[in-house]
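Peer 1: mind folding the following:
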Amino acid sequence: MLKVVALSGGYSREEANQRLSRQNGMVASFSRALSEGLSAQQTDDEFNAMLDSSIQSIFDASKT
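Peer 2: Below is the predicted model:
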């Protein structure tokens with residue numbers, strides 16, 4: 001099976017995930033979208049929860 005890697009292309013994580021989920025067989029590398037919503041002002045728990053959520057959403061969109 002061939003897998004193609006996509007970049008978020010400047011879209012928000014939500015938009016990039018929607019586009020990715022419509023592309024069968026493609027996986028993502030969303031460095032900018034991955035960091036969306038992260039802030040130095042967050043507690044460690046808030047930061048980790050946001051990062052976990054971002055990773056999960058990108059993973060879920062890549063499962064098509």
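Peer 1: what's the burial count for Tyr40?
Peer 2: You called it Tyr, but residue 40 is Ala. Applying other Cβ atoms under 10 Å, we find 5 residues neighbouring Ala40. In this view, the C-beta of every residue, glycine as well, is placed from N, C-alpha and C.
Peer 1: tell me who's in contact with it.
Peer 2: Residues near Ala40 by Cβ atoms under 8 Å, 6 or more residues apart in numbering: none.
Peer 1: doesn't it fall inside a helix?
Peer 2: No: assessed by DSSP: H, G, I helix; E, B strand; the rest coil, Ala40 does not belong to a helix; its assignment is coil.
Peer 1: dihedrals phi and psi, it?
Peer 2: When read as degrees, to the nearest 10, the backbone of Ala40 gives phi -70, psi -20.
Peer 1: and the most centrally placed residue in the chain, what pLDDT?
Peer 2: The centroid of the chain falls nearest to Ile58 when counting by Cα atoms, centre = their mean (3.4 Å). Predicted confidence (pLDDT) for Ile58: 80.
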